[in-house]
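Chemist: Output the structure for:
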Amino acid sequence: MGGMLAPRATTLETRFEDVESDDDSLRRRQTLTTADTNLTQWNTDTLAACQTALSQLGAATNPSGTAVCYNLFSLDTNAGTFMADLRLFQVSTPSGAFQNIPPQEISVGLQYSGASVSPVSSTNQTTSGVGKRQTAAPTVLQTYMFVGQIDKAKMAEPMTMGVLEALVMPIVTLTGKSPTGPQVSTNVSSNEAAFVNGIFSNEVVMSDVSLASLAVDEAVAGLRNGTVAFVLPGVNILIFPVGLIITSIWLVVGVGFYAFGTYERYNYRDMYRNRKARDGKPGYAGRI
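Modeler: I've put the predicted structure just below:
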């Protein structure tokens, strides 16, 4: 993979123009073009946003000591084309199998669940001894720029912003080989610094639990300011009472069996007393 931000911008524009757009996809289009956005400014803003996000990490979550910052420079939700920026940062000192592997000997691999990408170019920004020191601020090691296409089959499905994020979010794998050891690899979490600039940076995609919690907060706020009438809970049946019906049926059947048994025992007692009375034994003539 490879790609510096400034070079070959014309090539990216040409690749995007060659892709046909789909009218049945999302009507809302989020796109940034090189005519509207200066790549130098993008590089500066993205670097600052990535360093701010990754500086909150005390250490990397993988033994390579690195973290990635992934952002979308542009996204056409009609055609499914996008232009992505991925940066590799040194966050902490490498450990384990990556301890003796220089950063420049580490290769980056990407895997998408619903898209394919083509590299533009790459820039190696490693410095001497970067892999062996732990700095206060994350240090950029490599910058990659590439263009991609979301699978047409995926674009035919009902699309939301959350679905789009999942389709263009890659699985990043780092692979390296030390001079004295075998080849090793590790996955790098893309959620540590993803969409901090560009497309999706201002979008908030919440889970179902978060949406439910937000709805509860809005209802509580409406009760406090008087815009929503208070409804006493438990006084109305809001769903079809299937359980109540089944329980009532079992209750009626149980009471019926109990009543029938009581009636039979009552008749048996009368029959027993009458039989004893006919035999002439005292004490059984009258009913109690």
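
Chemist: all contacts plus neighbour counts: C-alpha atoms, from now on.
Modeler: OK.

Chemist: Tell me the pLDDT of Ser201.
Modeler: For Ser201, the pLDDT comes out at 82.

Chemist: what does the helix or strand Arg224 falls within rub up against?
Modeler: If you go by DSSP states H and E, Arg224 is part of helix 208-225. Contact with helix 208-225 is made by Val228, Ala229, Phe230, as judged by C-alpha atoms under 8 Å, 6 or more residues apart in numbering.

Chemist: The helix or strand containing Ala259 - contacts with which helices or strands?
Modeler: Assigned by DSSP H and E, Ala259 belongs to helix 242-278. Secondary-structure packing of helix 242-278 (3 or more C-alpha pairs under 8 Å, 6 or more residues apart in numbering; DSSP states H and E): no helix or strand packs against it.

Chemist: what comes up buried for it?
Modeler: If you call a residue buried by 16 or more other C-alpha atoms under 10 Å, then helix 242-278 has these buried ones: Arg273.

Chemist: how far away is the closest residue to Ala97 other than its chain neighbours from Leu88?
Modeler: Excluding the flanking residues, the one nearest Ala97 by C-alpha to C-alpha, 6 or more residues apart in numbering is Val184, at 6.9 Å. To Leu88, Val184 is 18 Å away according to C-alpha to C-alpha, to the nearest Å.

Chemist: related to what we said a few turns ago, any chance of a markdown table for the contacts of helix 208-225, columns neighbour count and distance to Thr40?
Modeler: Putting the contacts of helix 208-225 into a markdown table (neighbours: other C-alpha atoms under 10 Å; distance: C-alpha to C-alpha, whole Å) gives the following:
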| residue | neighbour count | distance to Thr40 |
| --- | --- | --- |
| Val228 | 13 | 50 |
| Ala229 | 11 | 54 |
| Phe230 | 12 | 55 |
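
Chemist: Tell me the one of these nearest Val255?
Modeler: Val255 lies nearest to Phe230 out of the contacts of helix 208-225, by C-alpha to C-alpha, at 39.7 Å.

Chemist: for that closest one, what are its contacts?
Modeler: Phe230 touches Leu223, counting by C-alpha under 8 Å, 6+ apart.

Chemist: quick revisit: report the mean per-residue pLDDT for the one helix or strand the residue nearest to Ala97 maps to.
Modeler: Element membership for Val184, per DSSP H and E: strand 183-188. For strand 183-188, mean pLDDT is 86.

Chemist: That one pairs with which strands, and in what direction?
Modeler: With DSSP bridges as the test, strand 183-188 is paired with strand 171-177 (antiparallel).

Chemist: what's the neighbour count on Thr66?
Modeler: Using other C-alpha atoms under 10 Å, Thr66 has 25 neighbouring residues.

Chemist: circling back to that earlier point, distance from the helix holding Arg224 to the middle of the chain?
Modeler: Put simply, helix 208-225 sits 21 Å off its chain's centre (C-alpha atoms, centre = their mean, to the nearest Å).

Chemist: Stretch 189-204 too?
Modeler: Using C-alpha atoms, centre = their mean, the offset of stretch 189-204 from its chain centre is 13 Å.

Chemist: Could you check how far the closest residue to Ala194 other than its chain neighbours is from Ser189?
Modeler: For Ala194, ignoring the flanking residues on the chain, the nearest one in space by C-alpha to C-alpha, 6+ apart is Tyr70 at 4.8 Å. Tyr70 sits 10 Å away from Ser189, going by C-alpha to C-alpha.

Chemist: Please identify which of the two sits among more neighbours.
Modeler: A count of neighbours by other C-alpha under 10 Å puts Tyr70 above the other of Tyr70 and Ser189, at 25 against 19.

Chemist: give the contact list for that one.
Modeler: Here Tyr70 is in contact with Ala84, Asp85, Leu86, Arg87, Ser190, Ala193, Ala194, Phe195, Val196 (criterion: C-alpha under 8 Å, 6+ apart).

Chemist: out of these, which are inside helices?
Modeler: Using DSSP state H, no member of the contacts of Tyr70 sits in helices.
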